[in-house]
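*Asks:* Quick one: sequence and predicted model below, then my questions.
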Protein chains: 2
Amino acid sequence: MEINQIIDTIYPLTTKAKNLLTESIIETKFPKGHILFRANKIETNIYFIKKGIARAYAFSDDNQITFWFGKEGDPIVSMQSHVNNQKGYEDVELLEDCELYELKTEKLQKLFLEDIQIANWGRKFSELELIKSEERLISLQFNTATQRYLALLKNYPSIIQRVQLSHIASYLGITQVSLSRIRANIK
Amino acid sequence: MEINQIIDTIYPLTTKAKNLLTESIIETKFPKGHILFRANKIETNIYFIKKGIARAYAFSDDNQITFWFGKEGDPIVSMQSHVNNQKGYEDVELLEDCELYELKTEKLQKLFLEDIQIANWGRKFSELELIKSEERLISLQFNTATQRYLALLKNYPSIIQRVQLSHIASYLGITQVSLSRIRANIK
DNA sequence: TCTCGTTTTTATCATTTGTTAAATGGTTTC
DNA sequence: GAAACCATTTAACAAATGATAAAAACGAGA
């Protein structure tokens, strides 16, 4: 997905403000398996996915738990770094060869203070992420694992082809064995 | 908690911007049990809690599930109304007699477009809420019910005195019976 | 095609949580 | 103080999920 479309979908900007923003964005590529963000590190960039898919995970005892997937058009942000300039708790791994748009956090923070349109674009960005996060929270709290799996399939059918089931299981808050049972029962 | 402190904790404003914001805020009171927000309704106000405690819940089949508690200093917002001007899915009930600060969504949206400081205050507001939501999500996905209960007690010890256990149980994503068992095992 | 390594499924048993119902405890009202 | 009401706990059984191990399916290279 092209950066212009990504920006406009969040909050439409005038040409001037959009130029200010796009001037600060560069394109970059990383191979499948690349670790884009590291836990316990302050990340200095945010990204948007032009092409590819990624996951964020953290460790609980010894095992990785995936709590986020990103696909074309989605932002990749360590919120702790972006908001509080603090260390994040997550790794972000690219699950396919990826083309990304890169934007320095510091540069964006500066634009927030200089341009009211970009400040409102940043506000809208967080508002939209917040709504996504709330929906995810409620899905986890309200629905059974089976319901959550079916909802994921419905919202994002191709994820089954693109992401291995062990990651999907931990995203759903269950073990891989449990997801396998659920899949067997659905057929 | 006083409105000045609430505003400043989110993002410090110059006197001029703060006056613009506080001019639009009025104080109001409601008794315990009052339903402040209704599901399937576009809410036109946002609130901050000066004194008291509230919960948001939605229905899953026939039973209410509490997914949020607010106490002194916390905002009460229907994000669907605030961000998308759409109907929300939640009721908000006051669990004690409450003193609230009230702000019209429409007025705030206007200020966002007029004052860059207030736009950045609004951005910070959503960013902070987003971090809270992410933390909650990860707690739900990573931890057992017992761990979540202990964490809640640690973060907010007096909640046990202020909120009945059936609400806390559904907030933790378990039944009241299950919470009762957990409490019995901890002692 | 064969082999090796990885992913996914299946099986078994233990643990946790859900469901329903009854018992206990506390509070309010008359 | 008794009755009525509500919140909380306990009990008993059912269902879902976790843990561990083994089998099966799949894919990438030689």
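*Replies:* On my side now, so go ahead.

*Asks:* Flag every buried residue along the lengthiest helix in chain A.
*Replies:* In chain A, assigned by DSSP state H, the helix with the most residues is helix A:116-142. Counting neighbours by 16 or more other Cβ atoms under 10 Å in any protein chain shown, one finds that the buried residues in helix A:116-142 are A:116-131, A:133-142. The way it works is simple: take the backbone N, C-alpha and C, and place the C-beta from them, glycine included.

*Asks:* can you tell me if that helix touches DNA strand D.
*Replies:* No - shown here: helix A:116-142 not in contact with DNA strand D (Cβ under 7 Å from any atom of the strand), separated by at least 11.4 Å.

*Asks:* hmm, that helix touching chain B?
*Replies:* Yes - Helix A:116-142 lies within reach of chain B by Cβ under 8 Å from any Cβ of the partner chain, at A:116, A:119-120, A:122-124, A:126-131, A:133-134, A:136-138, A:140-142.

*Asks:* Would you mind checking the average pLDDT for that helix?
*Replies:* Rounded to a whole number, the mean pLDDT of helix A:116-142 is 96.

*Asks:* what do you get for stretch A:49-61?
*Replies:* Across stretch A:49-61, pLDDT averages out at 93.

*Asks:* Now do it: distance from first to last residue.
*Replies:* One end of stretch A:49-61 to the other measures 30 Å (Cα to Cα, to the nearest Å).

*Asks:* near DNA strand D, anything from stretch A:24-32?
*Replies:* No - in terms of Cβ under 7 Å from any atom of the strand, no part of stretch A:24-32 sits within range of DNA strand D; the closest distance is 10.9 Å.

*Asks:* That stretch: which residues count as buried?
*Replies:* For stretch A:24-32, by 16+ other Cβ under 10 Å, it's A:Ser24, A:Ile25, A:Phe30.

*Asks:* and chain A, which of its residues are near chain B?
*Replies:* Checking chain A against chain B by Cβ under 8 Å from any Cβ, the hits are A:58, A:60, A:65, A:67, A:79-80, A:82-84, A:89, A:112-113, A:115-116, A:119-120, A:122-124, A:126-131, A:133-134, A:136-138, A:140-143, A:173.

*Asks:* And for the residue nearest to A:Lys104 when sequence neighbours are not counted, the neighbour number?
*Replies:* Distances taken as Cβ to Cβ, 6 or more residues apart in numbering or on different chains put A:Asn45 closest to A:Lys104, at 5.8 Å, once the chain neighbours are dropped. A:Asn45 has 21 neighbouring residues, counting by other Cβ atoms under 10 Å in any protein chain shown.

*Asks:* How much space separates A:Asn45 from A:Thr28?
*Replies:* Plainly put, A:Asn45 is 9 Å away from A:Thr28 if you go by Cβ to Cβ, to the nearest Å.

*Asks:* Same question for A:Pro12.
*Replies:* 25 Å.

*Asks:* Residue numbers of chain A in contact with DNA strand C?
*Replies:* Near DNA strand C, when you scan chain A using Cβ under 7 Å from any atom of the strand, you find A:Gln164, A:Leu165, A:Ser166, A:Gln176, A:Val177, A:Leu179, A:Ser180, A:Arg181, A:Arg183, A:Ala184.

*Asks:* Excluding residues flanking it in the chain, which one is nearest the third one?
*Replies:* If the residues on either side of it in the chain are set aside, A:Ser166 comes closest to A:Gln176, at 4.6 Å by Cβ to Cβ, 6+ apart.

*Asks:* Please tell me the pLDDT value assigned to the one you found.
*Replies:* Per-residue pLDDT puts A:Gln176 at 96.

*Asks:* Distance-wise, check it relative to A:Leu103.
*Replies:* Distance of A:Gln176 to A:Leu103, given as Cβ to Cβ: 35 Å.
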